[in-house]
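J.: All I have is the shape, not the residue letters:
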């Protein structure tokens, strides 16, 4: 549970997911109630009996500690008992279990429990994360098969990875299964927090929200102009527009890049968030616009680590040393023919310019990039 | 379809007798351990249709003959008798236990609690047997829960019920709890005139 394979630790990722789910459920319907219990530690403990008070549910996450061994069967049975004694008997019963540790029980025992849950029409959602174990997966699938009645129960396997546990869960039927309000809340929460565009409450801070929106629009317009320009000029290998390179952005984010814009986009998996961070970077960066443009650089560049790093280095060098470029913005494309054609067409850039020749020379020193010349490309700043 | 009651049917129409199904709140009917969710609603129908299972019937899950059927009414009823049509080949239920005016009974509750009344059923494929209730206990029934713990066995791994008929009277009264209760943190005496104050005198409390 202290492993870092889910960021920040498995335990914290789990706590986040739990609070997100509780929030979604309580918002979906005012009569919904959610309770929380822990299975390891000193034993199965109900931390909070089913309640519609989100504050209580979130508060119970504070005292939780890691320790002991998980007792899955007892946990599910106690949960069933807690549900049985709910105040409003008209409510449907559902248990959502997060299984991070290995499962010590037999398949038979789990199937028996599953059948009992099915008989009492209790639905079960299983989140399988943490320890990856053939047996564990098998057992949990068997449990799900025993409980499942008409697809009301689900299982989600979350492998370790860069995206947060909560984000992965958002798109699963665990959130969307009960549909309507739940998915609305979750979609909003995914958009950067608390359901507001750009993560900022327009009521609380209208200027910031407006500034973000404006800079986002500007960025979008600029990129469209850039893309159009590139499309006009490119002989070959146009590297794609903003919208098609979102996946590339994600790949980028995993790179061990050193620049800040990369770091800013590191944790995000949502396309919108990438745009948002870009806009934020632009609006917050008072240094030269090279930083902001580097964002778009990455989006347009191919997913080649080494090339990217090189490109970044060159950008820095260029902005510091190269005065002969009339425009103060440099962009790097790893496509030689495109580069050279663009370079030739751009006004004010003389391929025989010593500064540019230097750059070419330094680039050609890189063994990998012998084939491709990295040319600084002039970029019009809006 | 002639009914084999010990009276002649020309004087009354059997189907009006068994018309309590009209007072059932069908949307809130539920069953536990049913194989097909929602199939329980198909067992409440007109007397004439009792043998017609084209709409489906209630069947329990494989290898588990227990069934619980929860039947809420739209108003309180007086229940006189119950008729059950089961399935063939031992899938008919053999015992029936009834609980009155309790919600959310599940299998462990049903097994531990004392039923209001229990019956041993017979295989009643034609739907002509009725099981009478101890009428005094069934005078104001807001909802009834029927628990069928066993079937007739043999090869049957499930229990099937094709029809549940209820005979009795509806009283047009509702047994519901008070819908709106206003709780006061500090009482306002002027809202609570006692009989002593209003009885004869004209004074009022400030």
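T.: Structure received. In this text the structure is predicted, and so the values were computed from the model without any measurement.
J.: Quick check, the residue in chain A closest to chain B?
T.: residue A:89 (3.1 Å; CB to the nearest CB). The way it works is simple: take the backbone N, C-alpha and C, and place the C-beta from them, glycine included.
J.: Just give me the neighbour total for residue A:36.
T.: For residue A:36, the count of nearby residues is 23 (other CB atoms under 10 Å in any protein chain shown).
J.: For stretch B:137-151, measure first residue to last.
T.: 26 Å (CA to CA, to the nearest Å).
J.: Now the longest helix seen in chain A: average pLDDT?
T.: Assignment by DSSP state H gives helix A:206-233 as the longest helix of chain A. Mean pLDDT, computed over helix A:206-233, is 81.
J.: now for that helix, which elements pack on it?
T.: helix A:271-284, helix A:290-300, helix A:336-345 (3 or more CB pairs under 8 Å, 6 or more residues apart in numbering or on different chains; DSSP states H and E).
J.: which residues sit in contact with residue A:168?
T.: By CB atoms under 8 Å, 6 or more residues apart in numbering or on different chains, the contact list for residue A:168 reads A:156, A:158, A:161.
J.: Type out the PyMOL command that picks the buried ones from those.
T.: To isolate the buried members of the contacts of residue A:168 in PyMOL, using 16 or more other CB atoms under 10 Å in any protein chain shown:
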select buried, chain A and resi 156+158
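J.: name the element residue A:114 belongs to?
T.: Residue A:114 belongs to helix A:107-119 when assigned by DSSP states H and E.
J.: Give the rounded mean pLDDT of that helix.
T.: On average, helix A:107-119 scores 92.
J.: wait, isn't residue B:107 in contact with residue B:32?
T.: Yes. If you go by CB atoms under 8 Å, residue B:107 and residue B:32 touch, sitting 6.6 Å apart.
J.: Quickly list what's touching both of these two.
T.: With CB under 8 Å, 6+ apart, residue B:107 and residue B:32 have common neighbours A:119-120, B:68.
J.: Would you convert those into CSV that also reports distance to residue B:188 and neighbour count?
T.: As requested, these are exported to CSV (distance: CB to CB, whole Å; neighbours: other CB atoms under 10 Å in any protein chain shown):
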residue, distance to residue B:188, neighbour count
A:119, 51, 21
A:120, 46, 18
B:68, 47, 26
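J.: so which of those comes closest to residue A:62?
T.: residue A:120 (32.3 Å; CB to CB).
J.: Please give me every residue in contact with that closest one.
T.: Contacts of residue A:120 by CB under 8 Å, 6+ apart are A:80, A:84, A:93, B:32, B:106-107.
J.: longest strand of chain B?
T.: Taking DSSP state E as the criterion, chain B has its longest strand at strand B:67-86.
J.: mind checking how far the closest residue to chain A within chain B is from residue B:146?
T.: Chain B approaches chain A most closely through residue B:104 (3.1 Å), counting by CB to the nearest CB. With the distance defined as CB to CB, to the nearest Å, residue B:104 ends up 15 Å from residue B:146.
J.: What ranges in the stretch 51-200 of chain A fall below the confidence cut-off?
T.: Applying pLDDT under 70 to the stretch 51-200 of chain A picks out residues A:176-200.
J.: ditto for chain B
T.: For chain B (pLDDT under 70), the answer is B:1-13, B:173-182, B:195-206.
J.: before we move on, back to that, where among the helices and strands packed on helix A:206-233 is average confidence lowest?
T.: helix A:290-300 - the lowest mean pLDDT of the helices and strands packed on helix A:206-233, at a mean of 44.
J.: Which parts of chain A are strands?
T.: Counting by DSSP E, the strands of chain A are A:34-38, A:45-51, A:93-99, A:122-128, A:154-157, A:330-333, A:375-378.
J.: what's the closest non-adjacent residue to residue B:146?
T.: residue B:69 (4.6 Å; CB to CB, 6 or more residues apart in numbering or on different chains).
J.: if we can go back for a sec, please identify the buried residues of the longest helix of chain A?
T.: So for helix A:206-233, counting by 16+ other CB under 10 Å, buried means A:209, A:211-212, A:215-216, A:219, A:222-223, A:226-227, A:230.
J.: still on that earlier bit, so between residue B:104 and residue B:146, which is more surrounded?
T.: residue B:146 (23 against 16).
J.: List phi and psi for the more buried one.
T.: Main-chain dihedrals, residue B:146, degrees, to the nearest 10: phi -110, psi 130.
J.: was I right about it contacting residue B:98?
T.: Yes. Between residue B:146 and residue B:98 there is a contact under CB under 8 Å: 5.7 Å.
J.: anything in contact with each of those two?
T.: residue B:82.
J.: that older thread, would you list the strands of chain A in JSON lines and tack on distance to residue B:90?
T.: Rendered in JSON lines, the data for the strands of chain A read as follows (distance: least, CB to CB, whole Å):
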{"stretch": "strand A:34-38", "distance to residue B:90": "42"}
{"stretch": "strand A:45-51", "distance to residue B:90": "41"}
{"stretch": "strand A:93-99", "distance to residue B:90": "32"}
{"stretch": "strand A:122-128", "distance to residue B:90": "29"}
{"stretch": "strand A:154-157", "distance to residue B:90": "36"}
{"stretch": "strand A:330-333", "distance to residue B:90": "79"}
{"stretch": "strand A:375-378", "distance to residue B:90": "84"}
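J.: Tell me which of these sits nearest to residue B:191.
T.: Using CB to CB, the nearest of the strands of chain A to residue B:191 is strand A:45-51, at 31.7 Å.
J.: got the angle for that closest one vs strand A:93-99?
T.: Orientation check (axes from the mean of the first three to the mean of the last three CA atoms, to 10 degrees): strand A:45-51 against strand A:93-99 gives 140 degrees.
J.: what's strand A:45-51 in contact with?
T.: By CB under 8 Å, 6+ apart, strand A:45-51 touches A:33-38, A:56-57, A:60, A:63-64, A:78, A:82-83, A:86-87.
J.: next one: stretch B:114-125
T.: B:82-86, B:88, B:92-100, B:129, B:131, B:133-134, B:137-138, B:147, B:152.
J.: tell me, which of these make contact with chain A?
T.: Filtering the contacts of stretch B:114-125 for proximity to chain A by CB under 8 Å from any CB of the partner chain leaves nothing.
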